[in-house]
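*Asks:* here's a sequence, model it:
(one chain, ligands or ions: 1)
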Amino acid sequence: VQTIGILTSGGDAPGMNAALRAVARTAWARGIDVKGIYRGYSGLLNDEIFDMKKEFTCDIISRGGTALFTARCEEFKQLEYQEKAAEILRSHNIDGLVVIGGDGSFRGAQKLSAQGINTVALPGTIDLDIACTEYTIGFDTAVNTAMQAIDKIRDSSTSHERCSIIEVMGRNAGYIALWCGVASGAEDILIPERFDGNRPKLENELIESILEKKALGKKHHLIINAEGVGHSYGMAKRIEQATGVETRASILGHMQRGGNPTAKDRVYASYMGALAVDLLCSGATNRVVGYRNGQYIDYDIEDALGMAKDVDQYEFEIAQILGR
Ligand code: F6P
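*Replies:* Residues are numbered from 1 along each chain as shown. Next up, the predicted model:
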């Protein structure tokens with residue numbers, strides 16, 4: 001490869017800056033030029049491409065967000081836009097592309113690989129919902145950010161002897177909720193993977209759990225609710241009515257996507273960024289980088305997207321036991 005392009009796509013995640021910095025600096029060390037692409041695939045289609053200079057990568061490793069900005073791009077699912085994007089990349093002499101994003105972004109990278117552009121994708125999402133890897137860039141920071149917020153809510157919840165429902169991100173995945181639940185000592189953890197859609201049943205179980213723990217003398221009751229289960233405000237109202245325990249809901253929202261990345265996110269993102277470049281240097285394309293069993297590894301994007309992932313049942317059971 002002569003020139004590598006980098007873009008960040010989908011929801012931002014803390015550590016994306018560390019990743020793109022590592023991509024650029026490793027590429028320069030290997031004698032490769034680097035071009036930045038603003039605003040993900042939609043910026044690519046608008047030709048928002050610039051020569052990246054060293055300064056762009058300075059003073060960003062400690063920052064959340066992405067210096068390249070990000071976007072979600074629906075039209076990129078269509079072949080004509082994929083062809084156009086490949087044309088634009090070629091017009092900038094970009095023969096290798098690193099995409100940092102979630103599995104929607106991987107699909108885009110796969111399509112560009114089919115168009116003859118060598119691509120490597122990095123898993124950048126706070127959700128941890130990428131099957132081929134045990135680690136995704138941003139998850140560690142997001143969990144720590146949410147945990148700190150939950151600790152604060154817990155203080156207030158205890159003082160008022162309330163039940164608190166705290167909604168964390170994860171539309172389709174409960175990893176943030178599970179980790180926050182265990183880390184915060186929550187009494188109940190609600191995740192989309194274990195929710196059958198029956199809300200009255202779920203709420204009855206919660207009501208029982210609250211009354212049981214109240215009888216044991218617990219001063220608060222924390223429920224960590226994943227966004228994919230949702231309805232936290234309505235749930236709070238109904239629980240309060242049924243139990244007589246004052247109940248409040250807090251939705252943490254996008255604060256979970258921001259903030260200075262943890263050491264883990266900076267370091268893992270850095271190694272993953274470097275590996276992406278070295279894979280391109282070795283002639284690889286259509287690959288996604290992951291982390292498994294203590295090692296950075298890579299998979300064919302097609303294979304990676306075909307893998308399934310579920311919350312570990314043992315971990316979920318223990319999380320429930322610890323909250324009793
Ligand atoms: O994928 C990351 C994520 O934060 C999810 O947890 C959440 O469901 C979604 O993005 C929110 O997307 P948006 O920022 O576009 O509202």
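
*Asks:* tell me how far the closest residue to residue 285 other than its chain neighbours lies from residue 21.
*Replies:* Excluding the flanking residues, the one nearest residue 285 by C-beta to C-beta, 6 or more residues apart in numbering is residue 118, at 3.9 Å. From N, CA and C alone the C-beta is placed, and that goes for glycine too. According to C-beta to C-beta, to the nearest Å, residue 118 and residue 21 sit 21 Å apart.

*Asks:* isn't residue 108 right next to residue 75, touching?
*Replies:* No - using C-beta atoms under 8 Å, residue 108 is not in contact with residue 75; the gap is 10.7 Å.

*Asks:* who has more neighbours out of the two?
*Replies:* Using other C-beta atoms under 10 Å, the more surrounded residue of residue 108 and residue 75 is residue 108, with 27 against 12.

*Asks:* which SS class is the more buried one?
*Replies:* helix (DSSP: H, G, I helix; E, B strand; the rest coil).

*Asks:* got the contact list for it?
*Replies:* 9, 41, 73, 76, 82, 99, 101 (C-beta atoms under 8 Å, 6 or more residues apart in numbering).

*Asks:* give the burial count for the fourth one, as a bare number.
*Replies:* Counted with other C-beta under 10 Å, the burial measure for residue 76 works out to 23 neighbours.

*Asks:* again with the first one
*Replies:* For residue 9, the neighbour count with other C-beta under 10 Å is 31.

*Asks:* ok, it to the ligand distance?
*Replies:* Residue 9 sits 11 Å away from the ligand, taking C-beta to the nearest ligand atom, to the nearest Å as the criterion.

*Asks:* for the fifth one, same thing?
*Replies:* Here residue 82 is placed at a distance of 22 Å from the ligand (C-beta to the nearest ligand atom).

*Asks:* three-state assignment of residue 120?
*Replies:* Recorded secondary structure, residue 120: strand (three-state DSSP).

*Asks:* residue 188 reaches residue 209, doesn't it?
*Replies:* Yes - counting by C-beta under 8 Å, residue 188 touches residue 209, with 5.7 Å between them.

*Asks:* who touches both of the two?
*Replies:* By C-beta under 8 Å, 6+ apart, residue 188 and residue 209 have these common neighbours: residue 221.

*Asks:* show me which residues of the stretch 1-150 of the chain are close to the ligand?
*Replies:* 11, 102, 125-127 (C-beta under 6 Å from any ligand atom).

*Asks:* one more pass at 5 Å, please.
*Replies:* Applying C-beta under 5 Å from any ligand atom, one finds that the stretch 1-150 of the chain approaches the ligand through 11, 127.

*Asks:* quick one: the helices in the stretch 1-150 of the chain?
*Replies:* In the stretch 1-150 of the chain, the helices defined using DSSP state H, counting those that start in this stretch lie at 16-29, 40-45, 79-91, 103-114, 139-160.

*Asks:* next one: the last one to chain centre, how far?
*Replies:* It stands for helix 139-160. Taking C-alpha atoms, centre = their mean, to the nearest Å, one finds helix 139-160 lying 19 Å from the centre of the chain it belongs to.

*Asks:* do the next helix or strand after that helix and the ligand meet?
*Replies:* Following helix 139-160 in sequence order, the next helix or strand is strand 163-168 (DSSP states H and E). No - residues of strand 163-168 are not located near the ligand by C-beta under 5 Å from any ligand atom, the shortest gap being 8.4 Å.

*Asks:* give me the contact list for the helix or strand just after strand 163-168.
*Replies:* The helix or strand immediately downstream of strand 163-168 is helix 175-184, counting by DSSP H and E. Under the criterion C-beta under 8 Å, 6+ apart, residues 126-129, 139, 142-143, 146-147, 150-151, 154, 166, 168-170, 186, 188-191, 222, 224-226, 256, 311, 315-316, 318-319, 322-323 lie in contact with helix 175-184.
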